[in-house]
Each structure stands twice: as structure tokens, then as C-alpha cells.
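1. Sequence plus the predicted model coming up.
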Amino acid sequence: MKQARSIIWGLAIIALGVIFGGNALGLFNINVFFDGWWTLFIIVPSAISLITEKEKISSLVGIAIGVILLLASQGVFSWDIVWKVILAVVFIGVGLGIVVGSIFRGKNDKEVEKKIRELEDEKTMDSQMAIFSGTDRVYKDEVFSGATLGAVFGGVDLDLRDAKFNKDTVIKAFCLFGGIDIKVPEDVQVKIKSGFIFGGVSDERKGDSSKGKYTIYLDTAGGFGGVSISDKAKKGKK
């Protein structure tokens with residue numbers, strides 16, 4: 001999905017360059033600075049996320065907000081009601097997220113919840129918090145016994161590729177307008193429970209960890225943020 005997102009962004013930038021170049025050479029005259037042109041910075045990213053991401057509701061809400069602002073800029077309706085309409089759209093999106101999450105909550109979520117209750121131990125779990133900042137935690141031949149991660153207007157990077165595992169573990173991750181990047185060994189399984197509203201978990205693992213001896217149970221929650229999981233090998237390693 002990350003590759004598809006990059007390709008779409010690249011094509012969008014190329015198209016913008018063609019428009020500017022064609023306008024300069026007199027080949028055509030496309031006005032990109034129309035009334036409300038700035039709403040494209042909301043609409044376009046949301047549309048790309050709608051195509052490339054599994055979680056659709058936040059993308060649809062973003063598109064709806066962008067379109068509302070564009071129509072107001074075009075004079076279709078008054079600015080006096082714009083923020084009321086946007087607030088209504090946000091409430092509807094949050095409600096849909098809760099309803100859809102409850103309906104499609106699968107067996108895997110229940111299994112992860114059960115394991116989290118069995119395994120979590122606040123005394124042994126590492127804690128990494130980033131509030132309006134960033135923090136990195138790299139495990140070098142250390143035993144990993146679980147972690148609690150939090151990112152509020154910040155970022156957390158947890159690197160477990162050189163960590164030692166002697167049992168199944170739990171990672172609890174919370175994001176609010178932030179991001180958490182977790183790098184895991186290729187031979188460790190990861191099972192995910194996602195509780196995001198306007199956000200989600202991006203699983204970018206390439207290896208086959210289905211036969212891994214140990215499992216990380218990842219419990220995520222938050223809003224307007226995301227958790228990324230990868231198992232990319234370090235440079236010099238296969």
C-alpha cells in the first residue's frame with residue numbers, strides 16, 4: 001500500500017507540473033488557483049487514502065469536509081453554516097466507525113483481547129511516550145517483555161529486530177495526532193486488534209512469520225494517527 005500511495009502522489013505531482021508547463025507555453029490555460037483551490041490539500045490526500053488504505057471512513061470524512069469547504073468557497077452556500085455541517089459530518093463519521101467496528105469485529109480480535117488479558121503485566125512492560133516530540137527505542141540483544149507506547153502530536157519508533165523473545169508478548173499503542181513505527185523480527189508473528197477512529201494500522205511486513213515461535217499481540221487505539229508495522233531487514237542483513 002505504501003508503494004501504491006507513493007506512485008499516486010508521484011502521478012499527481014507530474015500532472016501538476018504538466019499543467020504549469022502547458023500554461024507557461026500557451027498550450028492550454030488551466031486555472032489551478034480557482035476559488036477554494038486550497039481545499040485540494042484536504043480532498044486529494046483523503047482520496048489517495050481512500051484508494052490505498054484499508055480503513056475508509058476517515059478518508060470519506062476528509063473528502064466530505066474538503067468538498068463542503070470547496071462549495072462554500074464557490075459560494076454555493078453560506079460560510080455561516082459550514083462549521084455546523086462539518087461538525088455533523090464528523091459526528092456521523094465517528095458513529096459509523098463505532099458501528100462498523102462493532103459489526104465486523106472478528107474472531108481474531110476476540111483472540112487478541114483474550115491473550116492481552118492473559119499476558120499483559122505493567123511491571124515488566126517498557127514504556128515509551130512522545131508528547132509534542134519524538135522518541136526511539138532500539139533493542140540490542142535485550143529480552144523484550146512487552147511495551148506501552150503513546151504518541152500525542154509526536155512519534156515513537158520501536159525497533160525489535162535485534163530483540164530476544166522468550167515468550168509471547170503484548171504491545172499497547174495509543175496515538176492521537178501522532179504516529180508509532182514498530183519494526184519486528186521476520187520470524188515473530190504479530191496479531192492485531194485495532195481500535196482507531198480516524199486512523200488505523202498499516203501492516204507492511206513482507207516475510208512469512210506464520211510459523212514463528214513467538215507472537216506479539218498488538219492492541220492499538222486512538223484517533224487521527226496510525227501505527228506502522230514492518231519487518232525490513234537492516235542493511236548488511238538478508
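-> Yep, it's here.
2. Now do the same for the longest helix along the chain: mean pLDDT, whole number.
-> In the chain, assigned by DSSP state H, the helix with the most residues is helix 2-25. Computed over helix 2-25, the mean pLDDT rounds to 79.
3. Could I get the CA-only coordinates of that helix as PDB?
-> The C-alpha coordinates for helix 2-25 follow below in PDB (Å, rounded to 0.1, in the frame of the first residue of the first chain):
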ATOM      1  CA  LYS A   2       2.900   2.300   0.800                       C
ATOM      2  CA  GLN A   3       4.200   1.800  -2.800                       C
ATOM      3  CA  ALA A   4       0.800   2.500  -4.300                       C
ATOM      4  CA  ARG A   5       0.400   5.700  -2.300                       C
ATOM      5  CA  SER A   6       3.900   6.900  -3.500                       C
ATOM      6  CA  ILE A   7       3.000   6.100  -7.100                       C
ATOM      7  CA  ILE A   8      -0.300   8.000  -6.900                       C
ATOM      8  CA  TRP A   9       1.400  11.000  -5.200                       C
ATOM      9  CA  GLY A  10       4.100  10.900  -7.900                       C
ATOM     10  CA  LEU A  11       1.500  10.900 -10.700                       C
ATOM     11  CA  ALA A  12      -0.400  13.800  -9.100                       C
ATOM     12  CA  ILE A  13       2.800  15.900  -8.900                       C
ATOM     13  CA  ILE A  14       3.600  15.100 -12.500                       C
ATOM     14  CA  ALA A  15       0.100  16.200 -13.600                       C
ATOM     15  CA  LEU A  16       0.600  19.500 -11.700                       C
ATOM     16  CA  GLY A  17       3.900  20.000 -13.400                       C
ATOM     17  CA  VAL A  18       2.300  19.400 -16.800                       C
ATOM     18  CA  ILE A  19      -0.400  21.900 -16.100                       C
ATOM     19  CA  PHE A  20       2.100  24.600 -15.100                       C
ATOM     20  CA  GLY A  21       4.300  23.800 -18.000                       C
ATOM     21  CA  GLY A  22       1.400  23.800 -20.500                       C
ATOM     22  CA  ASN A  23       0.100  27.100 -19.100                       C
ATOM     23  CA  ALA A  24       3.600  28.700 -19.500                       C
ATOM     24  CA  LEU A  25       4.000  27.500 -23.100                       C
END
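4. tell me the angle the helix or strand following it makes with helix 2-25.
-> As assigned by DSSP states H and E, the chain's next helix or strand after helix 2-25 is helix 40-52. Calculated by axes from the mean of the first three to the mean of the last three CA atoms, to 10 degrees, helix 40-52 forms an angle of 140 degrees with helix 2-25.
5. Does anything pack onto the longest helix of the chain? Which helices or strands?
-> helix 40-52 (3 or more CB pairs under 8 Å, 6 or more residues apart in numbering; DSSP states H and E). Just so you know, the C-beta spots here come from the backbone N, C-alpha and C atoms, and that holds for glycine as well.
6. I'd like to know the phi and psi angles of the residue lying farthest from the centre of the chain, please.
-> In the chain, the greatest distance from the average C-alpha position (CA atoms, centre = their mean) is reached by residue 26, at 41.4 Å. The phi/psi pair for residue 26 (degrees, to the nearest 10) reads phi 80, psi 20.
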